[in-house]
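Novice: Just need the structure, nothing else, for what follows:
(one chain, ligands or ions: 2)
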Amino acid sequence: MAKPVRFRTDADKKAFWHSTSHILADAVTRLYPDVKLGFGPAIEEGFYYDFYRSKPFDYEELQKIEQVMKKIIKEDKFFKQIYKSKKEANEFYQKEPFKKELIKEIEENKISFHKHGEFADLCNNPVIESAGQVKAFKLLNTAAAYWRGDNKREMMQRIYGISFPTKEQLDEYLALLEARERKDHRKIGPKLKLFTQVEEVGTGLPLWLPKGATIRRVIERYITDKELKEGYEHVYTPALARTKLYELSGHLNHYRDHMYPVMKVDTEDLVLRPMNCPHHIQIYKFESRSYNDLPIRLAELGTMYRYEASGALYGLARVRGMTLNDAHIFCTPEQVEDEVKKALKFIRDVYADMGLIDYYLMLSLHDPKNKEKYIDNDVMWKKSENSLRKVLKSIKVDFVEKEGEAAFYGPKIDVQVKNVHGKEETLATIQLDFNLPEKFQLEYVDNNNQKKRPVMIHRGGLSTMERLTAFLIERYEGAFPLWLSPVQVRVLTFTDRNVKFADKIKEEFLQQGLRIETDYSNRTVEYKVRDAELNKIPYIIVIGDKEEKNKTLAVRKRGVQGVKFGIKMEDFSKQLQKEIDSKA
Ligand code: TSB
Ligand code: ZN
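Specialist: Ligands and ions are numbered 1, 2, ... in the order given. I've put the predicted structure just below:
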């Protein structure tokens, strides 16, 4: 028996998890000899293995597989590296088309396998010493995934799992998973009646329920007001446009994979817009512009549609129909740095108001080797990337540079956040663009009456309402601060006698613009309080005979033990207003 493994480094974990995927593949092969093997890497947390067969593995099957894995672990066979020639490897994998495909791509004629007991798997990664070192594991879930991530290839059945050198570590991890699950916006959203998705409407097309819509409306009003104060002008433009607009912009060339098919109507070819920029460009072009007019900052809560692979869709965080807090800033080359700085400050301020402060900045650069994804103009890329880098350095913030993350038309400064499961996404983005002004022949007249080309800055402030809300739900675990709470106060009654007075209070609060809800049901007050707490309502007011007689309120605050009695209406509403204004 090999000695116990310890997780000291990431490499320890990777070898451990990858080895467990071999054990999984061994078990599946023993149980289902007809299933074809794909591959099974270690991932950030745990491992998976892709298998080819027509139907997904169900719960009972996973349990059976786990039993066989236990048996294999008990057999405690050593992992041994063996080599086969290409010919031998192909013979060995006679009935494994996916493995054969992988072998084809290996250049050497010496192909590495790792073998434990009778099971050998094509593999050149580090592994553990023996199967018995896996003291605790669990198969976590299944997913369908295209072979090698290619949507033109076969659909594989993926099994995810996790494993550890001790049972304690597994228990701890499972508890962590449960906690993350509780915070997951995909769980909380429907539970708190914020949003839903239904098959009839379509994949990736969420419906905002009244409570979710309230949060969104509060945010949209907030951001619109804030932008107006900062010199942005708001516009409205349609979500459809003629294809020629996107031919000209380059979207059809570089962004086609994310666009829906063309619709023919009368004499026009129309397409759903994946971005709002070309529309805003047309607004810029509506009048002739002089240097005196610049910068022009056009903003819109712009609805757009993107084809996202079904496997990439993720609750509200990645959808197919979305509304972006978008702006396009048209400025002179001299104004670029100042405008980028202003936009960055704006973004940092609004995220502070939202309570989203756990982010980092990424300078997203193009990939000079990828001529298909990016507009081919090295000089422009260099210039725009340098400008953004200069701004970031001048304000002395930490940032990470990453190649291959730019938009097709220009580099970006991205605000990066992680969701409860550790998956990273971009919220805000500032993108510098010398390309689209060129393509659309944008102009302004400078102080010598000369025609000049403006620069464009694409600014996604709060991200899309969808993605932002996903992150807010997880940030607050559904317990939103008062200013964002869909319901701010719930009024409960002791008995039917109190309904009339409760209604009066409700009416008064409504007039003050507070969001209020009542529970006059015949359940006990304890039950009603509990229900309000489960719904994360910030304030609960209980009305009984005493309150009615004294014209006062009994108030419970979310997260605070006990009740405060004898509160005057006036004092309570002042307190709420103060809390709302503070955005605390
Ligand atoms: C900022 N033209 C620019 C705009 O002017 C643009 O569209 N940039 S973008 O492609 O990066 O998208 C802006 C933001 O929208 C992203 O930073 C991200 O926060 C959000 N977003 C992008 N795709 C999705 C999606 N599928 N679901 C939800 N939000 C998305
Ligand atoms: Zn844009």
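Novice: can you pull the buried residues of the longest helix seen in the chain?
Specialist: For the chain, the helix that runs over the most residues, judged by DSSP state H, is helix 10-31. Buried residues in helix 10-31, counting neighbours by 16 or more other Cβ atoms under 10 Å, are found at 13-29. Using the backbone N, CA and C atoms, a C-beta is placed for each residue, glycine as well.
Novice: ok, then the element right after it?
Specialist: Secondary structure here is assigned by DSSP states H and E; on that basis, the next helix or strand after helix 10-31 toward the C-terminus is strand 36-37.
Novice: Direction included, what does that following strand pair against?
Specialist: For strand 36-37, the pairing partners within the sheet under DSSP bridges are strand 47-52 (antiparallel).
Novice: List the neighbours of the strand it pairs with that are in contact with it.
Specialist: The contact list for strand 47-52 (Cβ atoms under 8 Å, 6 or more residues apart in numbering) reads 17-18, 20-21, 24-25, 28, 35-41, 57, 98, 145, 147, 154, 156-163.
Novice: Give the rounded mean pLDDT of it.
Specialist: Throughout strand 47-52, pLDDT has a mean value of 97.
Novice: Toward the C-terminus, what is the element adjacent to that strand?
Specialist: From strand 47-52 onward toward the C-terminus, using DSSP H and E, the following helix or strand is helix 59-75.
Novice: quick one: the strands in the stretch 251-400 of the chain?
Specialist: Using DSSP state E, counting those that start in this stretch, the strands assigned to the stretch 251-400 of the chain run over residues 263-265, 268-272, 296-305, 321-331, 360-365, 399-403.
Novice: Wondering if the fifth one reaches ligand 1 at all.
Specialist: When you say that, I think you mean strand 360-365. No: in this structure, strand 360-365 remains apart from ligand 1 according to Cβ under 6 Å from any ligand atom; the gap is never smaller than 9.1 Å.
Novice: Ok, the last one next?
Specialist: No: against ligand 1, strand 399-403 shows no contacts by Cβ under 6 Å from any ligand atom, the least distance being 13.9 Å.
Novice: Look at whichever residue of the stretch 251-400 of the chain sits closest to ligand 2 and report its pLDDT.
Specialist: Of the stretch 251-400 of the chain, the residue with the smallest distance to ligand 2, taken as Cβ to the ion, is Cys277 at 3.3 Å. Reading off the confidence values, Cys277 has pLDDT 98.
Novice: That one: neighbouring residues, count only.
Specialist: Counted with other Cβ atoms under 10 Å, the burial measure for Cys277 works out to 23 neighbours.
Novice: can you check the one 10 residues further on too?
Specialist: Using other Cβ under 10 Å as the criterion, Glu287 is surrounded by 9 other residues.
Novice: picking that back up, turn the strands of the stretch 251-400 of the chain into CSV, columns for distance to ligand 2 and mean pLDDT.
Specialist: Rendered in CSV, the data for the strands of the stretch 251-400 of the chain read as follows (distance: least, Cβ to the ion, whole Å; pLDDT from 0 to 100):
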stretch, distance to ligand 2, mean pLDDT
strand 263-265, 22, 97
strand 268-272, 16, 97
strand 296-305, 9, 98
strand 321-331, 6, 98
strand 360-365, 14, 96
strand 399-403, 20, 95
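Novice: Let me know which of the ones you listed is the nearest to Lys383.
Specialist: Closest to Lys383 of those, according to Cβ to Cβ: strand 360-365, at 12.6 Å.
Novice: what's that closest one in contact with?
Specialist: The contact list for strand 360-365, computed with Cβ under 8 Å, 6+ apart, reads 381, 385, 388-389, 392, 397-407, 411-416, 426.
Novice: that older thread, so which of the strands of the stretch 251-400 of the chain is the most surrounded?
Specialist: Each of the strands of the stretch 251-400 of the chain was scored by mean neighbour count; the highest is strand 321-331, a mean of 23, by mean count of other Cβ atoms under 10 Å.
Novice: So which elements touch that one?
Specialist: For strand 321-331, the packing partners by 3 or more Cβ pairs under 8 Å, 6 or more residues apart in numbering; DSSP states H and E come out as helix 210-229, helix 277-284, strand 296-305, helix 336-354, strand 455-464, helix 465-476.
Novice: redo that, cut-off 6 Å
Specialist: Packing contacts for strand 321-331, counted by 3 or more Cβ pairs under 6 Å, 6 or more residues apart in numbering; DSSP states H and E, involve helix 277-284, strand 296-305, strand 455-464.
Novice: Ignoring the adjacent residues along the chain, who's closest to the most centrally placed residue in the chain?
Specialist: Most central in the chain under Cα atoms, centre = their mean is Ala317, positioned 3.5 Å from the mean C-alpha point. Distances taken as Cβ to Cβ, 6 or more residues apart in numbering place Ala470 nearest to Ala317, at 4.0 Å, with adjacent residues excluded.
Novice: does the one you found really touch Leu316, like I thought?
Specialist: Yes: using Cβ atoms under 6 Å, Ala470 is in contact with Leu316, at 3.9 Å.
Novice: among the helices and strands packed on strand 321-331, which is nearest Lys71?
Specialist: Closest approach to Lys71 among the helices and strands packed on strand 321-331 (Cβ to Cβ): strand 455-464, 48.6 Å.
Novice: Which strands and helices lie in contact with that closest one?
Specialist: Using 3+ Cβ pairs under 6 Å, 6+ apart as the contact definition, the elements that strand 455-464 packs against are strand 321-331, helix 336-354, strand 424-433.
Novice: Could you list the low-pLDDT ranges of the stretch 301-450 of the chain?
Specialist: Applying pLDDT under 70 to the stretch 301-450 of the chain flags no residue at all.
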